[in-house]
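Undergrad: for reference, the sequence and a predicted model appear below.
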Amino acid sequence: MERLLVVDDDRELCQLVTRFLEREGFEISWASNGEAGVDRALAEDFSLILLDVMMPDTDGFDVPRRIRQQCRTPVLMLTARGDTHDRVRGLEMGADDYLPKPFDPAELVARIRAILRRAAPRRPAAALAIGDIELDGGSRTIHRGGALVDLTTVEFDLLVKLMGAAGSTVSREDLVRDVLGRDFSPFDRSIDTHVCNLRRKLGPLDDGGERIKGVRGAGYLYASPARPGLK
């Protein structure tokens, strides 16, 4: 049975979420504030953490950052509806996904199951090397110029998808389906935020050019090195 930790000071919401998720086969634990959430997340073995951004005792965005420093437990952040800044900041702090409040319980379960599928052991991706980037699918590690680059699960899977099709455009629809594990919505910009974070962590090419290029109206393209003799 998958164990989930809900970190939220709204007792009524936690009780409702707990009852619903337990009916879906999950075991639920609850922490009523950010500090307690960090302590439990680091002391116990959870499959996923549901984290509310707005809590009175701590900056909710600091919680995934502190968790990510010591463990790789996936984090699903719950954010205020329509607050794009909150969503972007949460992903930048290491959250795997976000869900705006109020939410449909069925969508909550779908998001949880999609994250758990991504985090589950899988056949290792092939080793890939393009320019100064080396991707090891077995250990799920990335090195740039020999230096380790710390990526989230989503960022790693996104890079695998883009590097595997280097030189060709991968549509946003395919990235959302294959990396985030859900249907594409034109109003969901989370894949763009993950791409932005990935660009920032990998940095530009040695010549200053973009490593991951946006193709307007189409998707994203990982820059393929020029062939010898070609420009």
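TA: Arrived safely. Numbering: from 1, shown residues only.
Undergrad: CA atoms for contacts and neighbours, from now on please.
TA: Will do.
Undergrad: pull the helix or strand with minimum mean pLDDT from this protein.
TA: When each helix and strand of the chain is scored by mean pLDDT, DSSP states H and E, helix 84-92 comes last, with a mean of 74.
Undergrad: how far out from the middle of the chain is the following helix or strand past that helix?
TA: Next in sequence after helix 84-92, counting helices and strands by DSSP states H and E, comes strand 97-101. Centroid displacement of strand 97-101 relative to its chain, using CA atoms, centre = their mean, to the nearest Å, is 12 Å.
Undergrad: ok, stretch 149-163 next?
TA: For stretch 149-163, the distance to the chain centre is 9 Å (CA atoms, centre = their mean).
Undergrad: list the contacts of that stretch.
TA: With contact meaning CA atoms under 8 Å, 6 or more residues apart in numbering, stretch 149-163 is reached by 94, 96, 118-119, 125, 128, 130, 135, 140-143, 170, 175, 179-180, 194-195, 197-198, 201-202, 220-222.
Undergrad: any of the residues you listed buried? List them.
TA: Buried by 16 or more other CA atoms under 10 Å: 94, 96, 118-119, 125, 135, 142-143, 170, 175, 179-180, 194-195, 197-198, 202, 220-222, out of the contacts of stretch 149-163.
Undergrad: what about those, which are in helices?
TA: Among the buried ones among the contacts of stretch 149-163, the members found in helices (DSSP state H) are 118-119, 175, 194-195, 197-198, 202.
Undergrad: so which of those residues sits lowest on pLDDT?
TA: In terms of pLDDT, residue 119 ranks lowest among those, with 75.
Undergrad: what residues does that one make contact with?
TA: Residue 119 is in contact with 74, 153, counting by CA under 8 Å, 6+ apart.
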